[in-house]
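> Any chance you can model this:
(chains A, B and C)
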Amino acid sequence: MSCNHLIDLADLPMEQWDNIIHLALKIEQNPRDFYGIMEGKILATLFYEPSTRTQMSFQSAMLRLGGQVIGFSNPQNSSVAKGETLGDTIRIVNSYSDIIAIRHPLEGAAKAAAAYSQRCPVINAGDGGHLHPTQTLTDLVTLVKEKGQLDNLTIGICGDLKYGRTVHSLIKALSKYDNNKFVLISTKELAVPAYIKNILNSAGCSYTEVFSLSEVIGDLDVLYMTRIQKERFLSEAEYEAQKNIYVLDTEKLSLAKKEMKILHPLPRVDEITQQVDNDPRAVYFKQAQYGVFGRMALIIRMLSKQDYQQNLFYGTSQTGHPCANPNCITNAETYLPKHYIESGDMLVCEYCEQKILI
Amino acid sequence: MSCNHLIDLADLPMEQWDNIIHLALKIEQNPRDFYGIMEGKILATLFYEPSTRTQMSFQSAMLRLGGQVIGFSNPQNSSVAKGETLGDTIRIVNSYSDIIAIRHPLEGAAKAAAAYSQRCPVINAGDGGHLHPTQTLTDLVTLVKEKGQLDNLTIGICGDLKYGRTVHSLIKALSKYDNNKFVLISTKELAVPAYIKNILNSAGCSYTEVFSLSEVIGDLDVLYMTRIQKERFLSEAEYEAQKNIYVLDTEKLSLAKKEMKILHPLPRVDEITQQVDNDPRAVYFKQAQYGVFGRMALIIRMLSKQDYQQNLFYGTSQTGHPCANPNCITNAETYLPKHYIESGDMLVCEYCEQKILI
Amino acid sequence: MSCNHLIDLADLPMEQWDNIIHLALKIEQNPRDFYGIMEGKILATLFYEPSTRTQMSFQSAMLRLGGQVIGFSNPQNSSVAKGETLGDTIRIVNSYSDIIAIRHPLEGAAKAAAAYSQRCPVINAGDGGHLHPTQTLTDLVTLVKEKGQLDNLTIGICGDLKYGRTVHSLIKALSKYDNNKFVLISTKELAVPAYIKNILNSAGCSYTEVFSLSEVIGDLDVLYMTRIQKERFLSEAEYEAQKNIYVLDTEKLSLAKKEMKILHPLPRVDEITQQVDNDPRAVYFKQAQYGVFGRMALIIRMLSKQDYQQNLFYGTSQTGHPCANPNCITNAETYLPKHYIESGDMLVCEYCEQKILI
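Okay, here's the model as predicted:
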């Protein structure tokens, strides 16, 4: 049996995205109509690092479809502690479930899991700092619902643009739609990496990099706020210096358009004040709800017959080169065949997308 | 949408209690008749401190109604670790579930949760040393089933009467029924606090405070035993001095009436010997079963239309005064609006019921 | 109500085993036909030590039958931390569920649990180094499916034959079928204990003890590989000396019969190389799948009416002798009545099967 996985939103052709987004909105209109579709099916949520919100969102999605859920939320309670490889765990969980959502601290882990999953589609629920496609799906469903469109938008993205994988995924996704403009609001230390600018340039998207939120907020159709994640900083001092630079409060919000929408991947710490929550432009809590509908739509599509073929790897298997990224799953699970795509004088790891010079 | 919460049994009018208790007894007669009522509904059990028994009782109740369950049992696995406020967690879980049971180590946490829950009724499954209304509901269902009445009873309560929140709740509840007499059996160090005596006095209930269990056991219709909780003592020495004073054994039990019933909120440690378990007067294991039926009845009532309105706060919001109780949720989650009711020269915190002088 | 437990496969008459194995194979043919049989029933998985695989296998089995699951996977989150006895926990969980699967680090714990379970059948999901009957059931289902028979087989068992409880159980079970031959492949340090040889001798089974896997692999119909478990060794050095002696690779496998089958209770560490996974003789991942079907069959049989009576204890209760096994549950839960069977000048503990001289 072949099956289709969701490792990166880019794996899916754009018409599939639209398909899933529109199914999500149909579900939102009347969720009870979809209850029972997954009766007798089991979702395994394999969370090698805790993420209560994402795990509960998947669980809720599967249960609202009438399916069931098994899984774990903690590596200490898993067989990993007994020295089992990820590949073996996945092969065994294929016997216990019908679809798998995996969260892992290492980059490329979801693709590695998919490579060993013969029977169950695998959904990437976050692989280290790399990808988190169902968050991006959530963002897209929110935009379609709240703005009615995914193109012709001026999108401000504010906060941690360097480490925030949800930011990178969202930029990649929205750069594929026509005529979107990006306003990238951050400190120099937390600016978007060069490869994201390359994507924007290749897509012909206009973007600006600015420091001040207040100066640009009036231009925006969408403001995507992000949390400064303590765990991404090397020192407490660096974190403290950056964490409170961007705070969206009612004063700054008074400068924004009436129809601007504020999104946030949550959890929020201090970067949006509680007074903003009551403003109709704040849609970040609704976003969590759209996330459940998006995941319901995704599960339905992934367990239905698909009319496209999917390869996980395009390059040849090359055993000579270890991946240069210490957080790549191939450096922890050393039995995994290495796969690279050649790109000029570089090799790109097909698990974590790290580039290495040859 | 408005919704009703259960923070304190006192929130409900007495006819509602009777209503829920009698529904519980109807369920007990034929539990399978109620299977399917909650089909497609999800209960979130948010346990910020572990309590396997209470959590499994709620889970069993929801599953026996045909509903489903999500949640967590451990604060380390929750988004709390990422710095999320309780208010945000509740707003998000409103998207994932239909009803919420919350357990929290801080007092007033369930009311704070309710204040942020727009769509889901919130059940207090224990907030620090403050309230635990579903335990009291369990006790009342047990008494109606085993004694046939909630009035005209002589009720002995033995053990930790100082820190035991289940004891305080039960006394408050039973003081509302006619002609109950209380025999309060404890050491001086673990005697009931003054405010409980005030409640008994206001209700016109007769009560006596005694040291010896043997001397009074013959008078009792009900003996409510409690565990001396190690975690409530400041030192190991104080705990050791108190823990074995009250032990119900077959010798003491031989002095009791034939129709007396022994209740215990469980877990039991050494305060009831195992020989007592086989006595027909011991109903504490049945009590755990009645607890499931009580929670089934509660879930049904809370997810049905209610004909009464519920306010969470009656006093005005006053930001000037921090609550004097260091374990009050308002001191940990500082964004919460403070609410106090004036009572003479005191303010009473509407979260944790701490009184502060003004 | 009386109910039947599964503590040891030897509790069941052999026709019951065949019955369950054949039901498992019927389920394997069309699992969906069995969906709904357990609707409204709850399985409690009480895991006093984590074992993700076994717990998920039970959960999957119950959910695939249309039932539901509650439980815990971690002793820290259970009421044990509050000093509750196993007996009390079991009596309470009887109110929350319809069938119980218990995993416990101490030997005899499942039998102790059964002694307190009045309403729910108890399944032993592993009690310390003692028994793990559902693993043996899994092995038997696999052999019937993959070899078509449980008799007339030459069975090689390789690795840790000293501490491996799955090995001991499997030998006991297969020794009851006609004309099986055992080839016991291990170092001297990890050889089978004397009591297992006694069982083989009593059953009239032929067996040989050898050191070299390569020299005997060509004779085998079945090769049962096992993991050398680090936690069983007293020192790191002893573990390191033993762990890599037996590694099944494609070279050794080239010496085996075409129709030989390789089983492994999993998790596998390094004792089978990944290249072997692709060989059609490797059935250890299918084995995990058969384990789900075996557990489905077992749950169905245990919750159906049974036509045989079951005693848990055959000897008289003797309080004078503590069990000599420090890991016996009776030494941790001291209220448990001791039970011994006399056997010559020995007493055999009926919980953990330890023999003590009298």
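
> Could you check how far stretch A:274-285 is from the centre of its chain?
22 Å (Cα atoms, centre = their mean, to the nearest Å).

> cool, stretch A:324-339 as well?
With Cα atoms, centre = their mean, you get 21 Å for stretch A:324-339.

> Can you mark which positions in it are buried?
Within stretch A:324-339, the residues that count as buried by 16 or more other Cβ atoms under 10 Å in any protein chain shown are A:325, A:327-333, A:336, A:338-339. All C-beta spots, glycine's among them, are computed from the backbone N, C-alpha and C.

> Check those residues against chain B and report the nearest one.
Here the nearest of those to chain B, counting by Cβ to the nearest Cβ, is A:Asn327; it sits at 19.4 Å.

> what about chain A, any weak spots by pLDDT?
A:1-3, A:75-82, A:305-309, A:319 (pLDDT under 70).

> Go again with 80.
Within chain A, the segments meeting pLDDT under 80 span A:1-3, A:74-83, A:229-233, A:242-243, A:305-310, A:316-320, A:358.

> quick one: the helices in it?
Along chain A, the segments classed as helices by DSSP state H run A:14-29, A:52-64, A:86-96, A:109-115, A:133-147, A:165-174, A:194-202, A:213-216, A:236-243, A:250-253, A:284-302, A:329-332.

> For chain A, list the residues in contact with chain B, please.
Within chain A, the positions near chain B by Cβ under 8 Å from any Cβ of the partner chain are A:32, A:35, A:50-53, A:56-57, A:59-60, A:63-64, A:66, A:69, A:73-74, A:230, A:266-269, A:274, A:285, A:288-289, A:291-292.

> go again using 6 Å as the cut-off
Residues of chain A lying close to chain B by Cβ under 6 Å from any Cβ of the partner chain are A:35, A:50, A:52-53, A:56, A:59-60, A:63, A:73, A:267, A:269, A:274, A:285, A:288-289, A:292.

> ok, of these, which one's closest to chain C?
Of the residues of chain A next to chain B, the one sitting nearest to chain C (Cβ to the nearest Cβ) turns out to be A:Ser73, at 9.5 Å.

> tell me the phi and psi of the closest one?
phi -130, psi 10 (degrees, to the nearest 10).

> Roughly how far does it sit from B:Tyr239?
34 Å (Cβ to Cβ, to the nearest Å).

> what's around the closest residue to A:Glu333 other than its chain neighbours, how many residues?
Of all residues not flanking A:Glu333 in the chain, A:Leu86 sits nearest, at 5.3 Å (Cβ to Cβ, 6 or more residues apart in numbering or on different chains). Other residues within reach of A:Leu86, judged by other Cβ atoms under 10 Å in any protein chain shown, total 24.

> swap in A:Gln118?
12.

> before we move on, what about A:Pro105?
15.

> Could you measure from it over to chain C?
17 Å (Cβ to the nearest Cβ, to the nearest Å).

> give me every residue that touches that residue.
Neighbouring residues of A:Pro105 by Cβ atoms under 6 Å, 6 or more residues apart in numbering or on different chains: A:49, A:128.

> let's see 10 Å
Taking Cβ atoms under 10 Å, 6 or more residues apart in numbering or on different chains, we find A:Pro105 in contact with A:48-49, A:75, A:126-129, A:327, A:329, A:332.

> Quick check: the two most widely separated of these?
A:Pro75 and A:Gly129 (17.5 Å; Cβ to Cβ).

> I'd like the contacts of A:Pro105 laid out as JSON lines, including distance to B:Ser97.
Formatted as JSON lines, the contacts of A:Pro105 follow (distance: Cβ to Cβ, whole Å):
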{"residue": "A:Tyr48", "distance to B:Ser97": "25"}
{"residue": "A:Glu49", "distance to B:Ser97": "23"}
{"residue": "A:Pro75", "distance to B:Ser97": "26"}
{"residue": "A:Gly126", "distance to B:Ser97": "22"}
{"residue": "A:Asp127", "distance to B:Ser97": "27"}
{"residue": "A:Gly128", "distance to B:Ser97": "29"}
{"residue": "A:Gly129", "distance to B:Ser97": "30"}
{"residue": "A:Asn327", "distance to B:Ser97": "34"}
{"residue": "A:Ile329", "distance to B:Ser97": "33"}
{"residue": "A:Ala332", "distance to B:Ser97": "35"}
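
> Just the ones in strands from the residues you listed, please.
A:126-127 (DSSP state E).

> Nearest to chain B, out of the contacts of A:Pro105: which one, please.
Using Cβ to the nearest Cβ, the contacts of A:Pro105 come closest to chain B at A:Glu49, 9.8 Å.

> ok, the closest one touching A:Arg103?
Yes: between A:Glu49 and A:Arg103 there is a contact under Cβ atoms under 10 Å: 6.1 Å.

> hey, what's in contact with both of these two?
Common neighbours of A:Glu49 and A:Arg103, counting by Cβ under 10 Å, 6+ apart, are A:73, A:126, A:128.

> buried residues in stretch A:240-251?
For stretch A:240-251, by 16+ other Cβ under 10 Å, it's A:242-243, A:245-248.

> give me every residue that touches the residue nearest to A:Lys355 when sequence neighbours are not counted.
Leaving out its chain neighbours, the residue that sits closest to A:Lys355 by Cβ to Cβ, 6+ apart is A:Met346, at 4.6 Å. Under the criterion of Cβ under 10 Å, 6+ apart, the contact list for A:Met346 reads A:340, A:354-358.

> A:Ala109 versus the residue nearest to A:Glu333, what's the distance?
To A:Ala109, A:Leu86 is 7 Å away according to Cβ to Cβ.

> got it, and A:Gly71?
From A:Gly71 over to A:Ala109 (counting by Cβ to Cβ), the distance is 15 Å.

> And those two? Which one has more around it.
Set A:Gly71 next to A:Ala109 and count neighbours by other Cβ under 10 Å: A:Ala109 wins out with 30 against 24.

> so who does that one touch?
With Cβ under 10 Å, 6+ apart, A:Ala109 has these contacts: A:7, A:46, A:48, A:86, A:102-103, A:124, A:126-128, A:130, A:327-330, A:332-333, A:336, A:351-352.

> distance of the residue lying closest to A:Phe313 once chain neighbours are set aside from C:Ala113?
Nearest residue to A:Phe313 in three dimensions, chain neighbours excluded: A:His339, at 4.2 Å (Cβ to Cβ, 6+ apart). To C:Ala113, A:His339 is 49 Å away according to Cβ to Cβ.

> can you check A:Asp33 too?
Taken as Cβ to Cβ, the span from A:Asp33 to C:Ala113 is 44 Å.

> out of these two, which sits in the busier spot?
Higher neighbour count among A:Asp33 and C:Ala113: C:Ala113, with 28 against 10, using other Cβ under 10 Å.

> separation between that one and chain B?
Between C:Ala113 and chain B the distance is 15 Å, computed by Cβ to the nearest Cβ.

> With A:Asn30 instead?
On the measure of Cβ to the nearest Cβ, A:Asn30 and chain B end up 12 Å apart.

> End to end on stretch A:63-73, go ahead and measure it.
Length of stretch A:63-73, first residue to last, Cα to Cα, to the nearest Å: 17 Å.

> How about the contacts made by A:Asp219?
A:154, A:156, A:181, A:183, A:208, A:255-257, A:260.

> Could you tell me which of the residues you listed belong to strands?
A:154, A:156, A:181, A:183, A:208.

> buried set for stretch A:290-309?
Here stretch A:290-309 shows A:290-303 as buried, counting by 16+ other Cβ under 10 Å.

> try stretch A:6-18
A:6-9, A:11-12, A:16-17.
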